[in-house]
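> Here is my input; please provide its structure:
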Amino acid sequence: MLLNNRVLAVLVFFKKAAIPAQPHLVELVQGVVAQAALLIQRKRTEEKLRTSEAKFREKATELEVTVEKLKRTQTHVIQAEKMSGLGKMVAGVAHEINNPVGFIVGNIALARQYFHDLLNLIALYQQTYPTPTPTIQQLRAEIDLEFLAKDWQKLINSIQVGAERIQQIVGSLRNFSRLDESELKPVDIHEGIDSTLFLLQHRLRAIGDRPEIEVIKNYAQLPKITCYASQLNQVFMHLLNNAIDAVENQPIPRVINICTTVETGEWRGKEELPQFSIPQFALVRIGDNGQGISEEVRSQIFDPFFTTKPVGSGMGLGLSLSYQIVVEKHGGELQCISALGKGTEFVIKLPLIPGQML
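The predicted model follows:
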């Protein structure tokens with residue numbers, strides 16, 4: 001069979017006895033051969049098209065995956081830069097606040113002593129001159145000296161409590177941002193959790209008709225964990241904010257449970273463990289007694305920009321960024337355990353590798 005001067009196939013006919021040439025049979029065979037050649041060529045062309053189409057679809061799929069990865073990476077980089085900028089601003093503000101507050105706290109003791117000395121002086125004058133002039137008697141009645149002496153103690157106490165409260169807030173802000181700990185180093189993650197809770201007190205405590213959200217902490221004896229402290233604090237902030245969102249409109253009791261433990265398990269890190277070492281992990285469980293989430297929502301919960309909150313309540317990046325920090329930055333795991341009507345629990349699993357980088 002020839003098609004465009006190319007041999008597609010060879011047909012061989014056998015006959016036991018010789019027969020004279022029959023033009024009509026030759027013409028018929030030539031027609032069949034021509035049709036068969038066209039059919040073979042068409043099948044080959046279709047097969048090439050199918051192969052090319054499959055390769056094109058594969059390339060298109062790879063391109064879509066690459067573009068999605070680039071978008072996700074760009075989003076995470078932008079969000080990380082925002083958090084870095086916010087951390088620098090927070091650290092700067094904390095430093096500026098801490099200096100004047102330090103002056104206030106440092107001078108409270110002196111103010112107490114000065115006022116005590118003045119009261120002693122007034123008492124001595126009263127003993128020495130028991131009958132004051134009418135002008136002094138009038139001023140003493142106007143200022144109500146006895147009330148002033150008692151109320152001063154309450155006033156100075158309230159100033160001290162307020163100043164110490166500001167110091168606690170500043171300390172929590174500095175602990176949360178931890179700009180001086182941007183590299184891997186051993187830290188106590190309980191401090192990070194407690195600092196985050198302190199910064200969220202305005203959402204947890206009872207205000208007006210809004211009841212308190214109870215936080216139950218059950219901390220185990222954890223070793224210091226080698227990690228990026230400021231990034232882990234971001235994870236705690238995202239997860240605790242989500243837990244508060246889940247219970248703040250629920251009837252009492254409204255409870256958030258935080259539990260930390262150490263467990264052994266299968267090592268999946270890149271580095272080899274020392275000989276005879278047993279892989280250990282720190283687990284942080286943050287759960288709430290809210291309404292829970294469906295399986296459909298749970299399967300998408302770590303996707304960038306996915307959110308079930310109303311417009312303006314968030315971009316849907318918190319859990320996606322948390323997943324990247326825990327899994328990609330620390331070689332850990334972040335799981336969501338939830339069912340409708342049964343609350344939600346997030347489990348952070350971080351490898352413990354003493355003396356090694358993650």
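> CA atoms only for stretch 152-170, dumped as PDB, please.
Extracted in PDB, the C-alpha atoms of stretch 152-170 (Å, rounded to 0.1, in the frame of the first residue of the first chain):
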ATOM      1  CA  TRP A 152      -4.200  59.200  98.400                       C
ATOM      2  CA  GLN A 153      -3.300  55.600  99.200                       C
ATOM      3  CA  LYS A 154      -6.100  54.300  97.000                       C
ATOM      4  CA  LEU A 155      -5.000  56.700  94.200                       C
ATOM      5  CA  ILE A 156      -1.400  55.700  94.300                       C
ATOM      6  CA  ASN A 157      -2.300  52.000  94.400                       C
ATOM      7  CA  SER A 158      -4.500  52.400  91.300                       C
ATOM      8  CA  ILE A 159      -1.700  54.200  89.500                       C
ATOM      9  CA  GLN A 160       0.700  51.300  90.400                       C
ATOM     10  CA  VAL A 161      -1.800  48.600  89.300                       C
ATOM     11  CA  GLY A 162      -2.300  50.500  86.000                       C
ATOM     12  CA  ALA A 163       1.400  50.900  85.300                       C
ATOM     13  CA  GLU A 164       2.100  47.300  86.100                       C
ATOM     14  CA  ARG A 165      -0.700  46.300  83.700                       C
ATOM     15  CA  ILE A 166       0.900  48.300  81.000                       C
ATOM     16  CA  GLN A 167       4.200  46.600  81.700                       C
ATOM     17  CA  GLN A 168       2.600  43.200  81.400                       C
ATOM     18  CA  ILE A 169       1.000  44.200  78.000                       C
ATOM     19  CA  VAL A 170       4.400  45.600  76.800                       C
END
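> average model confidence for that stretch?
Averaged across stretch 152-170, pLDDT comes to 82.
> Ramachandran angles for residue 155?
For residue 155, the backbone dihedrals are phi -60, psi -50 (criterion: degrees, to the nearest 10).
> just residue 334 next, same as before
Dihedral pair for residue 334: phi -130, psi 120, per degrees, to the nearest 10.
> Could you find the closest non-adjacent residue to it?
residue 326 (4.3 Å; CB to CB, 6 or more residues apart in numbering). (Glycine included, C-beta is placed from N, CA and C.)
> cool, and residue 206?
residue 212 (4.1 Å).
> Am I right that that neighbour is in a helix?
No: the assignment for residue 212, made by DSSP: H, G, I helix; E, B strand; the rest coil, is coil rather than a helix.
> Contacts for stretch 117-125 next, please.
Stretch 117-125 has contacts (CB atoms under 8 Å, 6 or more residues apart in numbering) with 145, 149.
> switch the cut-off to 6 Å
For stretch 117-125, contacts defined as CB atoms under 6 Å, 6 or more residues apart in numbering pick out residue 149.
> What of stretch 295-302?
Contacting residues not belonging to stretch 295-302 are listed as 306, 319, 320, 323, 336, 338 [CB under 6 Å, 6+ apart].
> Quick check: next helix or strand after the one helix or strand residue 64 maps to?
Assessed by DSSP states H and E, residue 64 sits inside helix 23-128. The C-terminal neighbour of helix 23-128 among helices and strands, as given by DSSP H and E, is helix 134-143.
> CA atoms only for that next one, dumped as CSV, please.
Listed next in CSV are the C-alpha coordinates belonging to helix 134-143 (Å, rounded to 0.1, in the frame of the first residue of the first chain):
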residue,chain,number,x,y,z
PRO,A,134,-8.7,80.6,111.2
THR,A,135,-7.2,80.6,107.7
ILE,A,136,-5.5,77.2,108.2
GLN,A,137,-8.7,75.8,109.8
GLN,A,138,-10.7,76.9,106.8
LEU,A,139,-8.3,75.4,104.2
ARG,A,140,-8.2,72.1,106.2
ALA,A,141,-11.9,71.9,106.1
GLU,A,142,-12.0,72.7,102.4
ILE,A,143,-9.5,70.0,101.3
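> Which residues does that helix contact?
For helix 134-143, using CB under 6 Å, 6+ apart, there are no contacting residues.
> and that helix, which residues are buried?
Buried residues in helix 134-143, counting neighbours by 16 or more other CB atoms under 10 Å, are absent.
> per-residue pLDDT, the residue nearest to residue 334?
Turning to residue 326, the model gives it a pLDDT of 90.
> can you tell me which residues contact it?
By CB under 6 Å, 6+ apart, the neighbours of residue 326 are 332, 334, 348.
> Residue 151 belongs to a helix, doesn't it?
Yes: counting by three-state DSSP, residue 151 is found in a helix.
> any idea how far it lies from residue 319?
Distance from residue 151 to residue 319, counting by CB to CB, to the nearest Å: 51 Å.
> Ignoring the adjacent residues along the chain, who's closest to residue 160?
Leaving aside its sequence neighbours, residue 160 sits nearest to residue 108 (CB to CB, 6+ apart; 5.1 Å).
> Now find how far off-centre stretch 42-59 is within its chain.
A distance of 45 Å separates the centroid of the chain from that of stretch 42-59, by CA atoms, centre = their mean, to the nearest Å.
> picking up where we left off before, would you check how far apart the residue nearest to residue 160 and residue 156 are?
Using CB to CB, we find residue 108 at a distance of 6 Å from residue 156.
> Distance check, the closest residue to residue 187 other than its chain neighbours against residue 335.
Nearest residue to residue 187 in three dimensions, chain neighbours excluded: residue 229, at 4.5 Å (CB to CB, 6+ apart). Here the criterion is CB to CB. By it, residue 229 lies 22 Å from residue 335.
> Kind regards, and thank you for your time.
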